[in-house]
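> Model the following, please.
(one chain, ligands or ions: 1)
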Amino acid sequence: MRVFNRPVAWGGEAWLWHCLRVRGRWLAACLLLLLLLQLGMTWWHRQRLDLEAGQVMAEGLAVAQQLGASLERLAQSEAPPCSMEDYALMAQILRDYQYTADIGRTVGDRLLCTALRGQLAVPIALPAPDFRLANGFSFLTAHRLAPRDPIPLDLTLYRGGVAFTPPLSFDSSYLAPEHSFYLLDGQLRYLFRILGKAPAEGGAPAVNWFTGLRRCSADGILCVVAQDRQPWLYQQPYGVAVLGLVVLGLGWGCLCGLPVIPSQRRLRVQALRRAIFQQQIQVWYQPQIQMATGKVTGFEALSRWQSDSLGNVPPSEFIPLAEQAGLIHPLTLHVLKQAVDQCAVLLRRHRSLTLSINLVLGPALTAEFFDKVRKRVLSRGGRCEQLVFEITETSAVGFANIQVVCDAIKRSGFRLSLDDFGTGFSNLSWLSHLHADEIKIDKMFIQALGEEGVAGRTADMLLSLTASLPSVAIVLEGVETQAQVERLTARGRHWIAQGWYYAKAMRSAELAGYIAQHGVAEGVTRASVVCG
Ligand SMILES: Nc1nc2c(ncn2[C@@H]2O[C@@H]3COP(=O)(O)O[C@H]4[C@@H](O)[C@H](n5cnc6c(=O)[nH]c(N)nc65)O[C@@H]4COP(=O)(O)O[C@H]3[C@H]2O)c(=O)[nH]1
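Below is the predicted model:
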């Protein structure tokens with residue numbers, strides 16, 4: 001009997017509900033944090049863009065003001081167009097206003113002269129303006145006056161005067177965004193300046209709210225669009241979605257103890273559960289031998305797990321795992337059924353043979369449980385006294401609990417064996433209180449036999465003690481060598497040995513052959529309890 005650990009009901013569904021119920025507010029907090037972070041970053045980003053848009057707006061307004069003032073001055077002149085006086089004024093204006101590249105006179109849609117070109121031999125017909133403002137100003141963007149002009153100029157027309165400015169002075173919206181950028185603060189930005197086009201009139205490029213902004217002057221004459229050329233992840237809607245998922249995943253995973261990534265242990269428990277319920281756990285049998293005669297008295301059922309994914313897992317690993325994961329009772333049931341069924345013929349044929357089963361103490365080991373086992377044994381033609389339940393004293397579980405289970409075992413007519421005797425917390429009073437039919441001396445003592453030191457002396461003491469228990473069968477575990485056998489038989493007690501010297505655990509098919517070869521010890525079984 002091993003320690004019965006509290007079963008851990010921790011399936012996928014339970015975990016999900018646990019996370020939702022217990023961790024729901026943490027997840028909400030994560031999302032809120034993400035939202036605040038996003039809002040904060042966007043606010044900070046727009047503040048910077050706003051500042052830059054303000055600078056460009058100031059420049060644009062300066063251009064607009066100078067253009068307006070220069071053309072206003074020309075319009076107020078009384079000098080006849082293209083007269084000497086007029087040229088003098090135009091030259092003065094060119095000097096006064098840095099943004100004005102040239103200035104000229106028009107009549108109707110024809111350009112007659114400019115300050116730099118002088119009187120044109122043939123007046124140039126100007127195309128219709130691109131746009132007009134209510135205040136009488138109209139604009140022509142990127143216009144070449146003559147086919148051989150090196151660059152197109154922007155033209156502003158006002159009451160018989162025309163001012164020439166370099167291209168993009170008041171409208172760069174006709175350029176593709178990737179061609180229109182400024183280098184500000186070492187960062188590449190799109191900056192559009194639209195002079196003379198109120199946003200309502202169209203023409204302003206569409207702005208992604210996350211990556212850019214548009215500012216227009218109060219009179220709507222100048223608009224500036226500032227936009228990041230290489231937006232950050234957090235500025236893009238899909239980026240926000242990705243960030244959201246990452247934060248959600250991390251929050252969920254961390255706060256729920258990362259069960260998303262199944263631990264090695266979880267994987268092992270899952271594999272073990274499958275193995276038990278799909279009956280992949282095999283039961284092997286290790287013979288128990290009457291040392292005096294070398295004949296078989298019985299055999300112990302031992303679980304073997306050859307897992308597809310984990311390979312051969314020894315019982316020392318999967319039995320404790322089954323206990324911790326609450327799977328030990330299903331495992332016991334499986335072993336019991338398989339063993340009783342596989343050994344039915346042997347047990348029927350040899351009434352003195354016993355079948356030993358390991359038990360782990362737990363609440364499922366009730367009188368009803370043993371009653372069901374009893375019925376199964378009887379239905380297969382066996383006898384209750386042929387079944388030995390081994391309990392281990394390795395834990396300080398309440399003695400009262402142990403006694404209840406032991407009483408149920410005895411009342412059902414089965415035999416009771418104290419396994420690994422000497423290693424646990426029990427004291428000798430257990431022997432009298434539990435009415436054990438058998439004691440199994442742990443292999444630790446057998447292997448220490450003859451040694452100097454505590455283990456050797458304890459082994460000696462335990463073996464001497466057995467002499468005072470004539471009605472209890474003594475099974476010596478872990479007998480491995482000829483020397484051990486000789487030493488033990490020399491002590492003159494008819495012990496039963498279970499060890500590799502005689503045989504290792506084997507399949508049921510091999511067991512029949514082994515028994516046939518070595519014979520069955522008669523009359524070893526003690527009290528014959530009638531159970532059915
Ligand atoms: N070094 C050495 N070892 C020997 C020798 N002779 C036998 N053994 C090993 O000693 C163990 C005896 O079983 P146990 O004391 O009940 O100890 C068992 C038992 O407590 C537990 N166990 C095994 N199968 C089951 C099971 O189906 N149910 C439960 N509850 N426990 C089981 O796992 C323990 C270990 O089982 P196994 O690995 O099969 O190890 C077995 C057996 O293979 C020997 O000469 N030398």
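> Now do the SS call for Ile103.
When classified by DSSP: H, G, I helix; E, B strand; the rest coil, Ile103 comes out as strand.
> could you dump whichever strand or helix holds Pro320 to CSV, C-alpha only?
Following DSSP states H and E, one finds Pro320 within helix 315-324. What follows is helix 315-324, C-alpha atoms only, in CSV (Å, rounded to 0.1, in the frame of the first residue of the first chain):
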residue,chain,number,x,y,z
PRO,A,315,7.0,1.3,-12.1
SER,A,316,9.2,3.4,-9.8
GLU,A,317,8.2,6.3,-12.1
PHE,A,318,4.7,5.7,-13.2
ILE,A,319,3.2,4.3,-9.9
PRO,A,320,4.0,7.6,-8.0
LEU,A,321,2.8,9.5,-11.1
ALA,A,322,-0.5,7.6,-11.0
GLU,A,323,-0.8,8.3,-7.3
GLN,A,324,-0.3,12.0,-7.8
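> Tell me how far Phe399 lies from the ligand.
According to CB to the nearest ligand atom, to the nearest Å, Phe399 and the ligand sit 20 Å apart. (C-beta placed from N, C-alpha, C; glycine too.)
> Quick one: residues contacting that residue.
Listed by CB atoms under 8 Å, 6 or more residues apart in numbering, the contact partners of Phe399 are Trp430, His433.
> any idea how far it is from Asp420?
Look at Phe399 and Asp420: by CB to CB, to the nearest Å, they are 17 Å apart.
> quick one: is the lengthiest strand in the chain near the ligand?
Scanning the chain for the strand with the most residues, using DSSP state E, yields strand 295-307. Yes: using CB under 6 Å from any ligand atom, strand 295-307 comes into contact with the ligand via Leu302, Ser303.
> buried residues in that strand?
Lys295, Val296, Thr297, Gly298, Phe299, Glu300, Ala301, Leu302, Ser303, Arg304, Trp305, Ser307 (16 or more other CB atoms under 10 Å).
> was I right about the fourth one contacting Gln288?
What it means is Gly298. Yes: with contact defined as CB atoms under 8 Å, Gly298 reaches Gln288; the gap is 4.8 Å.
> In terms of secondary structure, what does whatever helix or strand Arg268 lives in contact?
Using DSSP H and E, Arg268 maps to helix 264-277. Helix 264-277 sits against strand 295-307, helix 315-324, helix 328-342, with contacts defined as 3 or more CB pairs under 8 Å, 6 or more residues apart in numbering; DSSP states H and E.
> what comes into contact with it?
With CB under 8 Å, 6+ apart, helix 264-277 has contacts from 259, 262, 280-281, 305, 307, 309-310, 313, 318, 321-322, 325, 327, 330-331, 334.
> swap the cut-off to 6 Å and go again
Contacting residues not belonging to helix 264-277 are listed as Ile281, Trp305, Ser307, Ser309, Leu310, Phe318, Leu321, Ala325, Leu327, Pro330, Leu331, His334 [CB atoms under 6 Å, 6 or more residues apart in numbering].
> Domain map for the chain?
Split into domains by automatic domain parsing, the chain comes to 1-261, 280-518.
> Let me have those domains in TSV, extended by distance to Gln270 and mean pLDDT.
Putting the domains of the chain into TSV (distance: least, CB to CB, whole Å; pLDDT from 0 to 100) gives the following:
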stretch	distance to Gln270	mean pLDDT
domain 1-261	10	72
domain 280-518	9	90
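> and among those, the most buried is which?
Highest mean neighbour count among these (mean count of other CB atoms under 10 Å): domain 280-518, with a mean of 18.
> Any residues of the stretch 151-300 of the chain in contact with the ligand? List them.
Applying CB under 6 Å from any ligand atom, we find that the stretch 151-300 of the chain lies next to the ligand at Gln286.
> So what's the residue count around Arg265?
By the criterion of other CB atoms under 10 Å, Arg265 has 11 neighbours.
> Against the ligand, how distant is it?
Per CB to the nearest ligand atom, Arg265 is found 19 Å from the ligand.
> With Leu35 instead?
For Leu35, the distance to the ligand equals 54 Å [CB to the nearest ligand atom].
> Which element, helix or strand, includes that residue?
Using DSSP H and E, Leu35 maps to helix 12-76.
> Remind me what that helix packs against, helices and strands.
Where contact means 3 or more CB pairs under 6 Å, 6 or more residues apart in numbering; DSSP states H and E, helix 12-76 is packed against strand 161-165, strand 187-195, strand 212-216, strand 222-228, helix 237-255.
> sorry, back to before: just name whatever secondary elements the longest strand of the chain is in contact with.
strand 282-290, strand 311-313, helix 328-342, strand 354-358, helix 508-518.
> how far out from the middle of the chain is that strand?
In terms of CA atoms, centre = their mean, to the nearest Å, the centre of strand 295-307 is set 40 Å apart from its chain centre.
> Name the nearest residue to Val63, ignoring sequence neighbours.
With sequence-adjacent residues excluded and distances taken as CB to CB, 6 or more residues apart in numbering, Val63 is closest to Tyr99, at 4.8 Å.
> Touching, that neighbour and Ala64? I think so.
No: assessed by CB atoms under 6 Å, Tyr99 is found out of contact with Ala64, at 9.1 Å.
> tell me, what's touching the two both at once?
In contact with both Tyr99 and Ala64: no residue, using CB under 6 Å, 6+ apart.
> beta partners of the one residue in the stretch 151-300 of the chain that gets nearest to the ligand?
Proximity of the stretch 151-300 of the chain to the ligand (CB to the nearest ligand atom) peaks at Gln286, 5.6 Å away. According to DSSP bridges, the partner residues bridging Gln286 are Glu300.
> show me the contacts for it.
The contact partners of Gln286, by CB under 6 Å, 6+ apart, come to Glu300, Leu302, Gln498, Ala505.
> give me that answer again for 10 Å
Listed by CB atoms under 10 Å, 6 or more residues apart in numbering, the contact set of Gln286 reads 298-302, 356, 477, 498-500, 502-506, 511.
> what do you get for Pro330?
The contact partners of Pro330, by CB under 10 Å, 6+ apart, come to Leu272, Arg273, Ile276, Phe277, Ile281, Ala322, Ala364.
> Present these as JSON lines; the columns should include distance to Val340.
Shown next, in JSON lines, are the contacts of Pro330 (distance: CB to CB, whole Å):
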{"residue": "Leu272", "distance to Val340": "22"}
{"residue": "Arg273", "distance to Val340": "23"}
{"residue": "Ile276", "distance to Val340": "17"}
{"residue": "Phe277", "distance to Val340": "19"}
{"residue": "Ile281", "distance to Val340": "15"}
{"residue": "Ala322", "distance to Val340": "20"}
{"residue": "Ala364", "distance to Val340": "17"}
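> re earlier: where's the residue nearest to Val63 relative to the ligand, distance?
Distance, Tyr99 to the ligand, using CB to the nearest ligand atom: 94 Å.
> Which element, helix or strand, includes that residue?
Per DSSP H and E: Tyr99 is located in neither a helix nor a strand.
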